[in-house]
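Colleague: Sharing a sequence plus its predicted fold:
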Amino acid sequence: MQQKTFKREIAAGMAFFLCFIAWKASDAAPVETLKVIIWPIMLFVGAAFGMQWASKQTDLITGKR
């Protein structure tokens, strides 16, 4: 049995954090913080939730299916 990595839970927490920052930034004029943190967080969330099928169905290192 594999050890649980908690990547989905961490990704959900990061997405919640991003929503919180966006909500707080809507009250203030500068949104520079969002411009800096949105891409790394959304890439991690996408990898944790949406792209898990790639690691289970393909072998990306050797290129075999």
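Modeller: That came through, no problem. Numbering: from 1, shown residues only.

Colleague: Please count neighbours and contacts with C-alpha atoms only from this point.
Modeller: Will do.

Colleague: So which elements touch the helix or strand hosting residue 10?
Modeller: Assigned by DSSP states H and E, residue 10 falls within helix 7-25. Here helix 7-25 touches helix 32-45, going by 3 or more C-alpha pairs under 8 Å, 6 or more residues apart in numbering; DSSP states H and E.

Colleague: Could you pull out the buried residues of the helix it packs on?
Modeller: Judged by neighbour count using 16 or more other C-alpha atoms under 10 Å, the buried positions of helix 32-45 are 41, 44, 45.

Colleague: The first one against residue 16, yeah?
Modeller: No. Between residue 41 and residue 16 there is no contact under C-alpha atoms under 8 Å: 10.3 Å.

Colleague: Give the rounded mean pLDDT of stretch 25-42.
Modeller: Averaged over stretch 25-42, pLDDT sits at 76.

Colleague: Ok, stretch 4-16 next?
Modeller: In this model, stretch 4-16 carries a mean pLDDT of 87.

Colleague: Show me what it is in contact with.
Modeller: With contact meaning C-alpha atoms under 8 Å, 6 or more residues apart in numbering, stretch 4-16 is reached by 41, 42, 44, 45, 48, 49.

Colleague: and if you look at stretch 26-39?
Modeller: For stretch 26-39, contacts defined as C-alpha under 8 Å, 6+ apart pick out 18, 21, 22, 25.

Colleague: Could you tell me how many residues sit around the closest residue in space to the last one that isn't next to it in sequence?
Modeller: To tie it back to what came earlier, the one meant is residue 25. Spatially, and ignoring its direct neighbours in sequence, residue 25 is nearest to residue 31 (5.9 Å; C-alpha to C-alpha, 6 or more residues apart in numbering). Neighbour count for residue 31, taken as other C-alpha atoms under 10 Å: 14.
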